[in-house]
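S.K.: here you go, sequence then predicted model.
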Amino acid sequence: HQPALEQVSQPDTQPPAPPSQLQTYMDPATGACGDIPEVYTGLYCSADGYTGVDIGWAANDTDPTNRPSFGYAYQILFHEYGHYLQHRTGIFLEFHENPYNSDEENLRRSELQAECFASIATARLGYADPTWRAAWERAYQDPINDSPTHGSAASRGYWTHRGWNARTYGDCNTWAAPARLVT
């Protein structure tokens, strides 16, 4: 993992080219990676460069106690772009060939890194305003937001904050983090 992370630890003066396809959908779609289940709010498929974001979910989420819906849609988009960065830098290949203690931990490290990358983007593009940050902080204090694949609410909160304050993509190195930070 180290060579790929060293490559991206420099400030991002030239971001990589975008994924070949960015699609929004309100119903499941099909691509080289198969059908997108309705429960996915976003997906990056490295097989065909497809990035999909479910805008219907965000548009229909009007619960005022939830995270700001359109801000969350940006976070999803940037999270999937984070997976694209992992693919382009070789991180995807490396973690598939050299797994950690379990497939589940491996997946969590990948997802938390993508979340950290997403937070770099939201902060640098001005989407991480105080209202947005407060909503995320509330969400990450609630264990209902724990996920075996995307990490506990506390771990997601840690990597989100780390991304907001990151100086480089290398600050999102979940692969070298102690297990307690990727639960």
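M.R.: Yep, it's here.
S.K.: and Ala121, what's its pLDDT?
M.R.: Ala121 carries a pLDDT value of 89.
S.K.: element containing it, please.
M.R.: helix 103-124 (DSSP states H and E).
S.K.: mind giving me the packing neighbours of that helix?
M.R.: helix 69-89, helix 91-97, helix 153-164 (3 or more C-beta pairs under 8 Å, 6 or more residues apart in numbering; DSSP states H and E). For every residue, glycine as well, the C-beta is placed using N, CA and C.
S.K.: so which of those helices gets nearest Thr174?
M.R.: Closest to Thr174 of the helices and strands packed on helix 103-124 is helix 153-164 (C-beta to C-beta; 6.8 Å).
S.K.: show me what that closest one is packed up against.
M.R.: Judged by 3+ C-beta pairs under 8 Å, 6+ apart, the packing partners of helix 153-164 are helix 103-124, helix 130-139.
S.K.: that older thread, mind listing what's buried in the helix holding Ala121?
M.R.: Neighbour-count burial for helix 103-124, with 16 or more other C-beta atoms under 10 Å as criterion, is recorded at 106-123.
S.K.: what angle do helix 130-139 and it make with each other?
M.R.: Per axes from the mean of the first three to the mean of the last three C-alpha atoms, to 10 degrees, the angle that helix 103-124 makes with helix 130-139 is 160 degrees.
S.K.: tabulate the helices and strands packed on helix 103-124 (TSV), appending mean pLDDT, mean neighbour count and distance to Glu137.
M.R.: Below are the helices and strands packed on helix 103-124 laid out as TSV (pLDDT from 0 to 100; neighbours: other C-beta atoms under 10 Å; distance: least, C-beta to C-beta, whole Å):
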stretch	mean pLDDT	mean neighbour count	distance to Glu137
helix 69-89	79	21	13
helix 91-97	74	16	28
helix 153-164	93	21	7
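S.K.: now those as JSON lines including distance to Thr183?
M.R.: Formatted as JSON lines, the helices and strands packed on helix 103-124 follow (distance: least, C-beta to C-beta, whole Å):
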{"stretch": "helix 69-89", "distance to Thr183": "19"}
{"stretch": "helix 91-97", "distance to Thr183": "17"}
{"stretch": "helix 153-164", "distance to Thr183": "5"}
